[in-house]
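> Generate coordinates for the sequence data below:
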Amino acid sequence: MASPTRTSDAPFGRMLTAMVTPFTSEGAVDYDAARALAAYLVDDQRNDGIVVNGTTGESPVTGDEEKERLVRVVAETVGDRATVVAGAGTYDTHHSVELARRAERAGAHALLLVTPYYNKPPQEGVYRHFVSVADATGLPVMLYDIPGRTGTPIATETLIRLGQHDRILAVKDAKGDLYAGSHVMSATDLVFYSGDDALNLPWLSVGAAGFVSVVGHVVGSELARMIERHRAGDPEGALAIHRRLLPVVDGIMMKAGGAIMAKAALELVGRPAGPVRPPLVEAAQEQIAELRACLVAGGVKLSDT
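Numbering: from 1, shown residues only. Purely as a prediction, here's the structure:
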């Protein structure tokens, strides 16, 4: 199933959210809530892409069958109007290949592959891992460079090598090195996406196509407007949005971060996604109070305001 949002300069769309995985109060995956959340992100928050089974989706604690079914229900719900990108990266190349093949069968349009984590492979191992998974399906690939979590950066030279692969098209960057990313973009056709909400606008300024966001759960439409203002030659308009959303980024990303605060934010805007799975824990009441204040300061309409 072809996604309607792909272009050569934005092969996965421009505004993507790394979607949380909704759970029931008993801890099971809530597939009906996943359908509703995906539709909300596309229809209300103007996402033209959804990442399923990423780290924000608590992929380390969901099973292979759960991941495959999540891709299927999201693709069935929004796959006709948004790119469905399935996280398939692990620290095990063979397992990553299996997850990639499952995602392809389930209807994913593309794959997100994180650098193998914990085992800290050398750059040749990183290269071979990504090529092995990219060769396993016919889906285009976005690499995910986040050394703060994986312990291993994807070196500039490795990215340039990987950029020669026909199906490796993009990089989600959470390394924060705009200079290194600029070198990769100048030497290859790899498309960069900001994977760090604090650096969304700076990444646009050096040539990124768009965002893979966490705060997009509640301000995706504003981030889409930021991209539009930047592309329309209105840097002042883009900067104004960037500054207005600073409290939202602070509230969701700078405290407990990730899935914990994204789910808390969804609860506050009336789109509950259930609890997190261990070893994550629910946001404390003082964190929720601070988050509420940050969302209000950033202009987010809460369900009780």
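
> Double-check that H129 belongs to a helix.
Yes: secondary structure of H129, determined by DSSP: H, G, I helix; E, B strand; the rest coil: located in a helix.

> any idea what sits nearest it, other than its immediate chain neighbours?
T93 (4.9 Å; CB to CB, 6 or more residues apart in numbering). Glycine gets a C-beta too; all of them are placed from N, C-alpha and C.

> The one you found against T115, yeah?
No: using CB atoms under 8 Å, T93 is not in contact with T115, being 11.8 Å away.

> can you give me the strands in the protein?
15-18, 49-52, 83-87, 110-114, 141-145, 168-173, 191-194, 210-213 (DSSP state E).

> Roughly how far does the residue nearest to H129 sit from D64?
15 Å (CB to CB, to the nearest Å).

> Those two: which is more packed in?
Neighbour count, other CB atoms under 10 Å: between T93 and D64, T93 has more, with 19 against 12.

> what's near enough to touch the more buried one?
By CB atoms under 8 Å, 6 or more residues apart in numbering, the contact set of T93 is 116, 128-129, 132-133.

> And the residues you listed, which of them are buried?
116, 129, 133 (16 or more other CB atoms under 10 Å).

> and the second one, how far is that from G27?
This points to H129. 31 Å.

> give me the number of residues near P275?
Per other CB under 10 Å, the neighbour tally for P275 reads 17.

> Over to R35?
Residues near R35, counting by other CB under 10 Å: 17.

> same question, Q285
Neighbours around Q285, by other CB under 10 Å: 8.

> next one: G148
10.

> which residue sits closest to T137, ignoring its sequence neighbours?
Nearest-residue entry for T137: E104, 4.4 Å, with adjacent residues in sequence omitted and distances by CB to CB, 6+ apart.

> right, and the one you found touches V141 too?
No: taking contacts as CB under 8 Å, E104 lies outside contact range of V141: 11.5 Å.

> so where do the helices sit in the stretch 151-300 of the chain?
Using DSSP state H, counting those that start in this stretch, the helices of the stretch 151-300 of the chain run over 156-162, 178-187, 200-205, 216-231, 235-244, 246-253, 258-268, 285-297.

> helices or strands up against the first one?
To tie it back to what came earlier, the one meant is helix 156-162. Packing contacts for helix 156-162, counted by 3 or more CB pairs under 8 Å, 6 or more residues apart in numbering; DSSP states H and E, involve helix 123-136, strand 141-145, helix 178-187.

> The ones you listed: which one's closest to V281?
strand 141-145 (24.6 Å; CB to CB).

> which other residues reach the closest one?
Outside strand 141-145, the residues that touch it by CB under 8 Å, 6+ apart are 12, 54, 85, 89, 110-115, 130, 133-134, 153-154, 159, 162, 165, 167-175, 193, 195, 212.

> which non-adjacent residue is nearest V281?
Spatial nearest neighbour of V281, excluding adjacent residues (CB to CB, 6+ apart): I260 at 7.3 Å.

> count of neighbours near that neighbour?
Neighbour count of I260, defined by other CB under 10 Å: 23.

> Kind regards, and thank you for your time.
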